[in-house]
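J.: after the sequence you'll find the predicted model.
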Amino acid sequence: MLSSSELAQLRADLEELLPDTCTIQADGGSVDSAGHVTPSWSNTATGVACRLDPFTVRSDSRGVIAQQERTRTYYTLTLPYNTTIEYGNRVIFGSLTLEIVQLFTTHSLHGVVRALVAEMS
C-alpha cells in the first residue's frame with residue numbers, strides 16, 4: 001500500500017504525462033413549453049491538463065443513423081485525478097468537440113481520470 005505522500009508523488013508524475021490542455025463544458029440549456037431543448041454550453045473548467053489517445057478497437061464502428069452509414073471516432077481521454085467531469089459534459093480539445101461515452105470510475109490508486117469519448121458531428 002502506498003503512503004499518502006507516495007500517492008501524491010505518483011499523481012504528480014502521472015500529470016507530467018498529460019501534454020495537452022482541454023476545456024470541459026456543461027449544458028445549462030433549457031426546455032420550452034413545447035418540449036424543445038435549447039442547449040447552452042458553458043465552460044466549467046479551462047486549461048485542464050489532458051492526453052487524448054486513439055481508441056482503435058471502436059474507431060471503425062459503423063452504425064446507421066437517419067438512414068446514413070456513419071463512422072464515429074473514439075478516443076481515450078486522460079485527465080488529472082481531481083478533475084470533475086460527468087456524463088452530459090463535453091470536452092473541447094483543439095478543434096475537436098468530444099462527448100463522454102463512458103467514464104471509468106473504478107481503478108487502482110485513482111492516479112488519473114479516464115473517459116471514453118467520441119467526436120461529435
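T.: Everything's here; your move.

J.: pLDDT-wise, which helix or strand of this protein ranks last?
T.: Lowest by mean pLDDT, DSSP states H and E among the helices and strands of the chain is strand 62-65, with a mean of 51.

J.: which parts of the chain are strands?
T.: Along the chain, counting by DSSP state E, strands occupy 20-27, 30-31, 37-38, 41-54, 62-65, 68-71, 74-80, 90-93, 96-104, 112-119.

J.: for the fourth one, give me every contacting residue.
T.: When you say that, I think you mean strand 41-54. 15, 17-29, 73-80, 83-84, 89-91, 93, 96, 117 (Cβ atoms under 8 Å, 6 or more residues apart in numbering). Where C-beta positions appear, they are placed from N, C-alpha and C, glycine not excepted.

J.: and it with strand 96-104, angle?
T.: 80 degrees (axes from the mean of the first three to the mean of the last three Cα atoms, to 10 degrees).

J.: ok, strand 41-54: who's next to it in the sheet?
T.: The strands beside strand 41-54 in its sheet (DSSP bridges) come out as strand 20-27 (antiparallel), strand 74-80 (antiparallel).

J.: check contacts around the residue lying closest to His110 once chain neighbours are set aside.
T.: Closest residue to His110 apart from its sequence neighbours, by Cβ to Cβ, 6 or more residues apart in numbering: Tyr81 at 5.5 Å. By Cβ under 8 Å, 6+ apart, the residues touching Tyr81 are Arg11, Leu14, His110, Gly111, Val112, Val113.

J.: can you do 6 Å?
T.: By Cβ atoms under 6 Å, 6 or more residues apart in numbering, Tyr81 lies in contact with Arg11, His110, Gly111, Val112.

J.: which among these count as buried?
T.: With burial judged by 16 or more other Cβ atoms under 10 Å, the buried subset of the contacts of Tyr81 is Arg11, Gly111, Val112.

J.: dump the residues you listed to JSON lines, plus distance to Ser40 and pLDDT.
T.: Compiled in JSON lines, those are given as follows (distance: Cβ to Cβ, whole Å; pLDDT from 0 to 100):
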{"residue": "Arg11", "distance to Ser40": "34", "pLDDT": "89"}
{"residue": "Gly111", "distance to Ser40": "34", "pLDDT": "88"}
{"residue": "Val112", "distance to Ser40": "30", "pLDDT": "93"}
